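1. any chance you can model this:
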Amino acid sequence: MKQLLRTNDPTQIVFAKALLSGEDIDCFEMDVHTSILEGSIGILPRRLMVADRDLFIARAVLKDNGFELEDV
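-> Residues are numbered from 1 along each chain as shown. Predicted coordinates for the structure are as follows:
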């Protein structure tokens, strides 16, 4: 699995998951429980992971919808 997105904004994660789901791209959200433990401070980012084979198309889908992604 490869990291597609890392953010402190839970709304970005939800939106990204919806976009990927619409394209039949499976994704997995990591660090959910860690960020819950820190409370509502929002300092620990969550990561959205996709399979290696889906990374290119997933990045294209998110970029086409206004996401600014880190270069890998």
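
2. what about the helices in the protein?
-> 10-22, 32-37, 55-64 (DSSP state H).

3. would JSON lines of these with mean pLDDT be doable?
-> Formatted as JSON lines, the helices of the chain follow (pLDDT from 0 to 100):
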{"stretch": "helix 10-22", "mean pLDDT": "96"}
{"stretch": "helix 32-37", "mean pLDDT": "70"}
{"stretch": "helix 55-64", "mean pLDDT": "97"}
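
4. so which of those helices comes closest to Met49?
-> helix 55-64 (9.5 Å; CB to CB). C-beta: built from backbone N, CA, C; applies to glycine.

5. re the thing from before, JSON lines for the helices of the chain, including distance to Pro45?
-> Shown next, in JSON lines, are the helices of the chain (distance: least, CB to CB, whole Å):
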{"stretch": "helix 10-22", "distance to Pro45": "10"}
{"stretch": "helix 32-37", "distance to Pro45": "7"}
{"stretch": "helix 55-64", "distance to Pro45": "16"}
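
6. the ones you listed: which one's closest to Gln3?
-> Gln3 sits nearest to helix 55-64 of all the helices of the chain, at 9.0 Å, using CB to CB.

7. can you name the residues in contact with the closest one?
-> Applying CB atoms under 8 Å, 6 or more residues apart in numbering, the external contacts of helix 55-64 come out as 2, 4-5, 16, 19-20, 23, 25, 27, 50, 69, 72.

8. pull the contacting residues for the residue most central in space within the chain.
-> When CA atoms, centre = their mean is applied to the chain, the residue found nearest the centroid is Leu48 (3.0 Å). Leu48 sits next to 3-6, 13, 16-17, 27-30 when contact means CB under 8 Å, 6+ apart.

9. mind doing that once more with 6 Å?
-> 4-5, 13, 16, 27, 29 (CB atoms under 6 Å, 6 or more residues apart in numbering).
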